[in-house]
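*Asks:* coords please:
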Amino acid sequence: MYQPKGEAVTFERDCEAVLIPAGDSGIVPKGAEGVITQALGGSFTVYIQGNLFRIAGQDADALGKEPVAPPALPENATDQDVEQIVWQQLHTCYDPEIPVDIVELGLVYRCEIKTLEGGGRRVEVDMTLTAPGCGMGDIIADDARSKILLIPTVEEAAVEVVFDPPWSFEMMSDAAKLQTGMM
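*Replies:* Okay, here's the model as predicted:
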């Protein structure tokens with residue numbers, strides 16, 4: 001029987017989880033046992049009975065870990081301040097199978113901040129995938145969207161997966177190429 005490498009964990013409470021790669025949401029019950037196979041960007045990938053689940057950082061306490069603190073903005077933050085925090089949040093988004101964030105992989109093509117009536121903000125992001133058939137697209141886009149929505153003053157976030165231009169390894173940062181052995 002396959003035994004993944006990682007840290008064994010027993011869920012301390014019922015916890016919302018996303019099934020990888022299907023993207024279906026559900027509840028992992030208190031007492032369920034699994035193995036944390038990846039803990040990057042504040043999210044956790046947990047192997048439970050032959051399936052992988054993504055656990056959000058704010059639910060880390062269900063795993064006996066410290067929950068990830070939401071991002072903070074200075075008072076009277078400008079759109080530039082918000083954009084800087086958006087990019088920081090995008091740097092915490094990982095494909096559960098690749099230990100390099102989506103910004104370093106060169107997957108983020110556009111990030112735009114728009115002011116809404118009432119003073120809130122809308123963030124629009126265009127991103128791509130390393131391969132058009134990648135089953136992780138919805139999960140990665142949802143992770144980016146949910147992390148952007150944690151930013152104070154952001155009321156709406158739209159993350160669209162696009163394939164033009166097609167991704168190539170030349171879009172990766174040098175650090176990402178080094179980490180994945182492509183340099």
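*Asks:* so what's the residue nearest the centre of the chain up against?
*Replies:* Here the mean C-alpha position of the chain is nearest to the C-alpha of C93 (Cα atoms, centre = their mean), at a distance of 3.1 Å. If you count contacts by Cβ atoms under 8 Å, 6 or more residues apart in numbering, C93 has them with G41, D101, I102, V103, I140, D143, A144, K147. C-beta: built from backbone N, CA, C; applies to glycine.
*Asks:* at 7 Å what do you get?
*Replies:* With contact set as Cβ atoms under 7 Å, 6 or more residues apart in numbering, C93 has these partners: G41, D101, I102, I140, D143, A144, K147.
*Asks:* isn't the second one right up against W87?
*Replies:* If I follow you right, that is D101. No: if you go by Cβ atoms under 7 Å, D101 and W87 don't touch, sitting 10.5 Å apart.
*Asks:* of these two, who's got more company?
*Replies:* Legend: neighbour count by other Cβ atoms under 10 Å for D101 and W87, higher for D101 (20 against 13).
*Asks:* the more buried one bridge partners, please.
*Replies:* For D101, the beta-bridge assignment (DSSP bridges) gives partners Y94.
*Asks:* now V154
*Replies:* Counting by DSSP bridges, V154 forms beta bridges with R121.
*Asks:* and the gap between it and V162?
*Replies:* Using Cβ to Cβ, to the nearest Å, one gets 21 Å for the distance from V154 to V162.
*Asks:* ditto for I140
*Replies:* Counting by Cβ to Cβ, the gap from I140 to V162 is 13 Å.
*Asks:* who has more neighbours, these two?
*Replies:* Taking other Cβ under 10 Å, I140 and V162 do not tie; I140 has more neighbours (25 against 13).
*Asks:* check contacts around that one.
*Replies:* Residues near I140 by Cβ under 7 Å, 6+ apart: C93, D95, I102.
*Asks:* what's the neighbour count on the closest residue in space to Q179 that isn't next to it in sequence?
*Replies:* Of all residues not flanking Q179 in the chain, V100 sits nearest, at 5.5 Å (Cβ to Cβ, 6 or more residues apart in numbering). The tally of other residues near V100 (other Cβ under 10 Å) stands at 21.
*Asks:* give me phi/psi at V100?
*Replies:* The phi and psi values for V100, taken as degrees, to the nearest 10, are phi -130, psi 140.
*Asks:* right, and it touches L178 too?
*Replies:* No: using Cβ under 7 Å, V100 is not in contact with L178; the gap is 9.9 Å.
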